[in-house]
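Student: this one's structure only:
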Ligand SMILES: Cc1cc2nc3c(=O)[nH]c(=O)nc-3n(C[C@H](O)[C@H](O)[C@H](O)COP(=O)(O)OP(=O)(O)OC[C@H]3O[C@@H](n4cnc5c(N)ncnc54)[C@H](O)[C@@H]3O)c2cc1C
């Protein structure tokens, strides 16, 4: 009984009181028994480790040699008492009064027979085959309402016109990418997110579904498409007003007006506020003068720069000598003959590690004049009297609101990256299900690569994670599409963190996919090299991942300050401290050694463990910062000092959110066997993630070494289970052979 009580984490003060009450009235107990039992019933005086392990030993040994399957905890206890010869008088274990008292005790401990049976019979579970599911049902669960739509796009991309090719010369590749982009625009895909009057459907959700489908194909196409319609078109759509929409959106959606998004400068990338290009209002001519002060302030890495006739240029807006911060202005770059206009200089960025189908360039402006109307004026305008006006008075809020409207890119980029990772994993898994190396016995067939536990360990957690991220990124897209002013900050933070976490995943998954295919993985025809080279920059553009993760942690800390009515940072820290102490107090010290499979596989355990890490990091980093601030350090310096700690906090927050969303969403999948298979993928993701942080859990004494070992064994088992359905799980991504295209992935 005490073994169950302590292992189970249910010895609350109320239960402890009831148990003590029962002990005092039990006639079978001697005075000495009562003293010991009362001691063990006090939450602050648990049985010693030695005693607990002794109980565990005798119970598990007994269960191995006796059939206890249908026994209740009480019956088991009585059998143990009898057979272990702990009491020599049979009346103690047969008498009704004892039985009734024990039954009462059991209900005080709150355990049901089923739970107890599971707990006591920690037998080696047979490795079951992951639930058999219909591939079509799984595709539906992944692609949801866009299943047919995505299939239609994939069909289009499978046509010979879209055949994937290697283009050694960047100019040919760029030309091809441009023609592909125009072909998609001809089908109406470019304008999807724009209003119907400009040829669109006002449907950002559908645009996101389209964008991730492009991610299975050629990433240069996906990125050029994204720059033209998402970034250039998006800046006009979100930062401009009707006059810009009427004039430019229809042509932008049709790709008859090609444009670029010129934000980054050589000198300033992550620090957008520090941009040096100026947009100075000249009241004499009612024009804006765009100027690059020094060579270092030129725009750099700008996608579509070589093909564009117009740029959306981000610059410091200066009106009447006053700098009003970064604003976007539409600046023509070239004439109808595609010649550069006076004052504009463009250079090619040359060959890159990947994405060579995208024409990235550098742009400088020398006092280029554009009409005042070219200012994208939704959040800041110059009125007829030549004065600056804005609906948002606070310059800092205005800056973040403007950038916030462009979060769509951060929502879409990780989706395309995830599709690339799914493609790479499909290629690798399909190859490893055909490729054999080494026989285990002479004369026998050689082993399939995917039958090696190391291969399972390398690829299956990544496959599981790709499923989890898929659901999480859908959640992000939903939240973004339904955003309101109230939750936009939270969504921006979510987008920043999910973008970083997912694109890091893509890079890691493609590297592992390449290595797991050996030399074949290195051949260009098998696509892994190009997929890797094309997507690894996803960790940098649309916001550098590290910088984004720091933004997330800043957001987590400032969420609390709102709850505190801006009472100051110290108040925030105090509150975090109190919150975390409650969390620790509520934790039963014995849960840390509970290592039964059923318990470790439960969503409850996994969520609690993810939450603990997040809360503990939030608490510890805030404690550290409090210490630094107390020593008179400014809060921004304290933030800087704690950067590495803050990165871990952001990761813990994002991991918890992904798991939470995955569990919530997969529960809603109507097909039972699909749901069961998804559940197992979630379990592998969760336990593998916990395992990857085991140093944290051991250091913070949240888990015992026995428990982390049990988790490792369980991850091995889950990898094997998932391996048994690996082919079906990648088939469910529904990537046509024409797009997968790698010879090693095609069935021989
Ligand atoms: C192929 C490609 C296409 C692009 N397309 C476009 C485009 O179309 N339009 C456009 O405007 N831009 C574009 N960019 C630019 C891109 O957005 C920037 O490269 C990105 O924002 C990072 O800026 P940076 O290169 O100056 O890096 P930096 O800001 O110099 O960062 C370099 C390193 O320093 C770290 N770092 C920076 N600040 C901090 C900090 N505060 N704390 C800790 N670490 C920090 C970063 O993590 C990073 O590892 C493109 C870039 C590439 C390579």
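Tutor: Great, that's in hand. Note that the structure is a prediction, hence the values are computed from the model and not measured. Residues are numbered from 1 along each chain as shown.

Student: How about the residues of the stretch 351-500 of the chain by the ligand?
Tutor: 352, 355, 360 (C-beta under 6 Å from any ligand atom). (Glycine included, C-beta is placed from N, CA and C.)

Student: out of those residues, who's nearest residue 170?
Tutor: Among these, residue 352 lies closest to residue 170 (C-beta to C-beta), at 8.7 Å.

Student: beta partners of residue 313?
Tutor: Here residue 313 sits in beta bridges with residue 262, residue 329, going by DSSP bridges.

Student: and the helix or strand where residue 78 lies, what does it pack onto?
Tutor: In this structure, residue 78 sits in helix 73-83 according to DSSP states H and E. If contacts are counted by 3 or more C-beta pairs under 8 Å, 6 or more residues apart in numbering; DSSP states H and E, helix 73-83 sits against helix 49-65, helix 91-94, helix 96-109, helix 113-120.

Student: Looking at that helix now, give me its mean pLDDT.
Tutor: Model confidence over helix 73-83 averages 75 on the pLDDT scale.

Student: cool, and stretch 606-625?
Tutor: Averaged over stretch 606-625, pLDDT sits at 92.

Student: Near the ligand, which residues of the protein? Just list them.
Tutor: Residues of the chain lying near the ligand (C-beta under 6 Å from any ligand atom): 227, 261-264, 269-270, 301-303, 352, 355, 360, 537, 540-541, 544, 546-547.

Student: does the closest residue to residue 391 other than its chain neighbours sit in a helix, a strand or a coil?
Tutor: Closest residue to residue 391 apart from its sequence neighbours, by C-beta to C-beta, 6 or more residues apart in numbering: residue 379 at 6.8 Å. When classified by DSSP: H, G, I helix; E, B strand; the rest coil, residue 379 comes out as coil.

Student: In contact with residue 379, which residues?
Tutor: 239, 327, 390, 391, 392, 398, 401, 402 (C-beta atoms under 8 Å, 6 or more residues apart in numbering).

Student: The second one is in what secondary structure piece?
Tutor: Mapping residue 327 onto the secondary structure by DSSP H and E places it in strand 322-332.

Student: Sheet-wise, list the partners of the helix or strand following that strand with their directions.
Tutor: Next helix or strand after strand 322-332 toward the C-terminus (DSSP H and E): strand 344-348. If you go by DSSP bridges, strand 344-348 pairs up with strand 361-365 (antiparallel).

Student: Quick one: work out the angle between the partner strand and strand 322-332.
Tutor: Going by axes from the mean of the first three to the mean of the last three C-alpha atoms, to 10 degrees, strand 361-365 is angled at 120 degrees with respect to strand 322-332.

Student: Give me the spatial nearest neighbour of the most centrally placed residue in the chain, chain neighbours excluded.
Tutor: In the chain, the centroid-proximal residue (C-alpha atoms, centre = their mean) is residue 498; its distance is 4.2 Å. With C-beta to C-beta, 6+ apart as the criterion, residue 498 has its nearest non-adjacent residue at 5.0 Å, and that residue is residue 476.

Student: can you pull the pLDDT of that neighbour?
Tutor: Residue 476 is given a pLDDT of 98.

Student: Does the residue in the stretch 251-400 of the chain that the ligand sits nearest to lie in a helix or a strand, and which?
Tutor: Nearest residue of the stretch 251-400 of the chain to the ligand: residue 269, at 1.8 Å (C-beta to the nearest ligand atom). Of the helices and strands defined by DSSP H and E, none includes residue 269.

Student: And for the residue nearest to it when sequence neighbours are not counted, the neighbour number?
Tutor: The shortest distance from residue 269 to any non-neighbouring residue, by C-beta to C-beta, 6+ apart, is to residue 544 (7.4 Å). If you count neighbours by other C-beta atoms under 10 Å, residue 544 ends up with 14.

Student: Next one, pLDDT for residue 544 please.
Tutor: On pLDDT, residue 544 comes in at 98.

Student: One more: residue 363?
Tutor: The pLDDT attached to residue 363 in the predicted structure is 98.

Student: how much space between it and residue 340?
Tutor: To residue 340, residue 363 is 10 Å away according to C-beta to C-beta, to the nearest Å.

Student: more crowded one of those two?
Tutor: Comparing residue 363 with residue 340 by other C-beta under 10 Å, the one with more neighbours is residue 363, at 24 against 12.

Student: Right, and the ligand sits closest to which residue of the stretch 451-600 of the chain?
Tutor: residue 546 (3.5 Å).

Student: before we move on, what about the stretch 51-200 of the chain?
Tutor: For the stretch 51-200 of the chain, C-beta to the nearest ligand atom, closest residue to the ligand: residue 170, 12.5 Å.

Student: On the three-state scheme, the closest residue to that residue other than its chain neighbours is what?
Tutor: Once flanking residues are discounted, residue 170 sits nearest to residue 356: 4.6 Å by C-beta to C-beta, 6+ apart. What three-state DSSP gives for residue 356 is coil.

Student: residues contacting residue 356?
Tutor: So residue 356 contacts 167, 170, 173, 174, 220 (C-beta under 8 Å, 6+ apart).

Student: likewise residue 697?
Tutor: 609, 613, 690, 703, 708.

Student: and the last one, helix, strand or coil?
Tutor: It stands for residue 708. Relying on three-state DSSP, one would call residue 708 helix.

Student: Name the nearest residue to residue 359, ignoring sequence neighbours.
Tutor: residue 306 (3.7 Å).

Student: that's a helix at that neighbour, yeah?
Tutor: No - under three-state DSSP, residue 306 sits outside any helix and is assigned coil.

Student: In the stretch 301-450 of the chain, where is pLDDT below threshold?
Tutor: Applying pLDDT under 70 to the stretch 301-450 of the chain flags no residue at all.

Student: Check which residues of the strand holding residue 327 are buried.
Tutor: The neighbour-count check on strand 322-332 (16 or more other C-beta atoms under 10 Å) flags 324, 325, 326, 327, 328, 329, 330, 331 as buried.

Student: List the contacts of residue 355.
Tutor: 219, 220, 223, 533, 534, 537 are the contacts of residue 355 under C-beta under 8 Å, 6+ apart.
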